[in-house]
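S.K.: this one's sequence-less:
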């Protein structure tokens, strides 16, 4: 069967003639008191952010190395010469979590500084006993000044061992023509938790003001506000204070689909924006539409589900419950405020071995990922280690494709949307379109076939059941300090393998059957009610006396489904939900989580599963051009974006377009009148071409 969505969208020509100067003029006229009035983000922002590549192992040296890579020219796949990522618009280089100084004071008086690594990793602060377990009743000092140390209340405190010269780091970015980004989320210092008993409550406005003052002083050009930090849940306050600072600062709203345009105000967000004014009236420049990304096909498809008109049922839930259709008519994703399915993970998966990449997404899958973000006008934020040649070589011709970037940056009244679903010879092919102005339309055809060798659920879940092993570190798990199996206490469950992350439900999914993985780091245990921040409770679990393990966020129970570990509605003594937590034979500080003869395993490959239900294999597609809503008639010029060449034209807009789409592959086209010019001369939008503004450096916190 197929779903024809062409009637869902009207012709998007209202702003087809809008030029850059007019966009800027509209920005000045349409800014509301709640909007972020910074004159930037008028096209989707582009850049790089640190978290997926480095997690907690971040430092000023690494940040400056990544800045240099963004400015380093490499061979230009589009023709002779060289090109640097910054030349194409990748200007924003963003620091993420683990910049903070949040010293921990142990009960015996021992001081654990934030820069001290434990077992080679900079992790959340902990007082370690001789056996390696964390001791309870430690005190983690706040990452900001309380006003008693000679600094203004709310002034952020940096880990100066890893970041000895923050102002110098920002100046380094500016000297390379880049924009420096900061992060407010502070899982490192348990920023998502409410204050402890007997402590003074946060002064919300002064705390945000302290951060805004530091942003201005250092000269940061962007800030990411994450959902795990209570203060970041008032985006209106951030927009207001940054507006008042006079500094143009790009604001990223990272709340996994919450606090988005069109959602009902919930008490934390002072009057939600509509996203329907000519320049977005929202107090942020782009917002996350779904959960955290992982470098696998299932995650990429899940994230696109947050912007699909017809949700693909084989790739998890779509947008957050209650959210509007962000790319409907009129769209809520637009200049000044863009819908963002998440950080791009092109090039991020797998491992370099002997000069080539092993594992991770294929070339075709990386291309689908990038093209999917381009066709919906998503911000293009890279996340792989830019210094790894093998990663660069895998995706360089994809992320530097000027025609794809031009499609992403174009604005002719609509950001792009899905128009056909469930078509092709495999019934698993989709078509997305975006108007480009002057009667041009970008067409993205993607084969979403379910993998015949790795089911979607397994790719999305990350944890498996595998035969118990006395020697496998991937079956060793550590509970929070002082927690004993079955005692009903709230705990993180941390892996001893790989990145040593903690159990977390993918995308804050509240529904049964969610993926559970360890690729998101470890969050501090919440102290505020989950009703205040559902995602703030993600990563917190309860081991119950009856043998079940419950997610504090969703209330669902850990369950086995074949070799997969997922969650389900709690069902008493259901054998699939019964777990024994026993000491690990390999490590005295760890436990095994057992069901029968199998153990929960962090990265043990499962046995080959049977072919899953759903579409599979390559797809042959025939598309009547009338279903694409082209706004011209006559002969059609067909441009292949991936191949940088024209294909044989079509006689008229009544013709049928036929093509072959490889398994997990895509076809990216521009359809236009026969005499149209394309590609256009490549240039950055005017707001991107302005020089970065230096910080005041009046007083460096």
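M.R.: In hand now; what should we look at? Note that this is a predicted model, so its numbers are computed, not measured. Residues are numbered from 1 along each chain as shown.
S.K.: Check the offset of the longest helix seen in the chain from the chain's centre.
M.R.: Criterion DSSP state H: the longest helix present in the chain is helix 204-218. Offset of helix 204-218 from its chain centre (C-alpha atoms, centre = their mean, to the nearest Å): 25 Å.
S.K.: Could you give me the buried positions within that helix?
M.R.: Judged by neighbour count using 16 or more other C-beta atoms under 10 Å, the buried positions of helix 204-218 are 207-218. Every residue, glycine included, has its C-beta placed from N, CA and C.
S.K.: Pull up the gap between the nearest residue to residue 694 once chain neighbours are set aside and residue 478, please.
M.R.: Excluding the flanking residues, the one nearest residue 694 by C-beta to C-beta, 6 or more residues apart in numbering is residue 219, at 5.2 Å. Residue 219 sits 40 Å away from residue 478, taking C-beta to C-beta, to the nearest Å as the criterion.
S.K.: just residue 406 next, same as before
M.R.: Per C-beta to C-beta, residue 406 is found 49 Å from residue 478.
S.K.: So the two - more neighbours on which side?
M.R.: residue 478 (23 against 20; other C-beta atoms under 10 Å).
S.K.: same for the helix or strand hosting that one, what does it pack against?
M.R.: Take DSSP states H and E as the rule and residue 478 turns out to sit in strand 477-479. For strand 477-479, the packing partners by 3 or more C-beta pairs under 8 Å, 6 or more residues apart in numbering; DSSP states H and E come out as strand 493-495, strand 591-595.
S.K.: repeat that for 6 Å
M.R.: Counting contacts by 3 or more C-beta pairs under 6 Å, 6 or more residues apart in numbering; DSSP states H and E, strand 477-479 is packed against no other helix or strand.
S.K.: List the contacts of it.
M.R.: Applying C-beta atoms under 6 Å, 6 or more residues apart in numbering, the set of residues contacting strand 477-479 from outside is 491, 493-494, 590-591, 593.
S.K.: Just give the strands next to the following helix or strand past that strand in its sheet, each with its orientation.
M.R.: Downstream of strand 477-479, the next assigned helix or strand under DSSP H and E is strand 490-491. Applying DSSP bridges, strand 490-491 is found paired with strand 541-543 (antiparallel).
S.K.: Can you name the residues in contact with the partner strand?
M.R.: Contacts of strand 541-543 (C-beta under 6 Å, 6+ apart): 485-486, 490-491, 493, 549-550.
S.K.: let's go with 10 Å and repeat that
M.R.: Applying C-beta atoms under 10 Å, 6 or more residues apart in numbering, the contact partners of strand 541-543 are 479-480, 483-493, 502-505, 516, 525, 548-553, 555, 557-558, 579, 581, 591, 593.
S.K.: Averaged pLDDT, stretch 101-121. What do you get?
M.R.: Average pLDDT, stretch 101-121: 78.
S.K.: Just the buried residues of it, please?
M.R.: Residues of stretch 101-121 classed as buried by neighbour count (16+ other C-beta under 10 Å): 101-104, 106, 112, 114.
S.K.: you'd agree residue 387 is up against residue 69?
M.R.: Yes: counting by C-beta atoms under 10 Å, residue 387 touches residue 69, with 5.8 Å between them.
S.K.: before we move on, back to that, put the buried members of the contacts of strand 541-543 into a PyMOL selection.
M.R.: The following PyMOL line selects those of the contacts of strand 541-543 that are buried, judged by 16+ other C-beta under 10 Å:
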select buried, resi 479+480+483+485+486+490+491+492+493+502+503+504+505+516+525+548+549+550+551+552+553+557+558+579+581+591+593
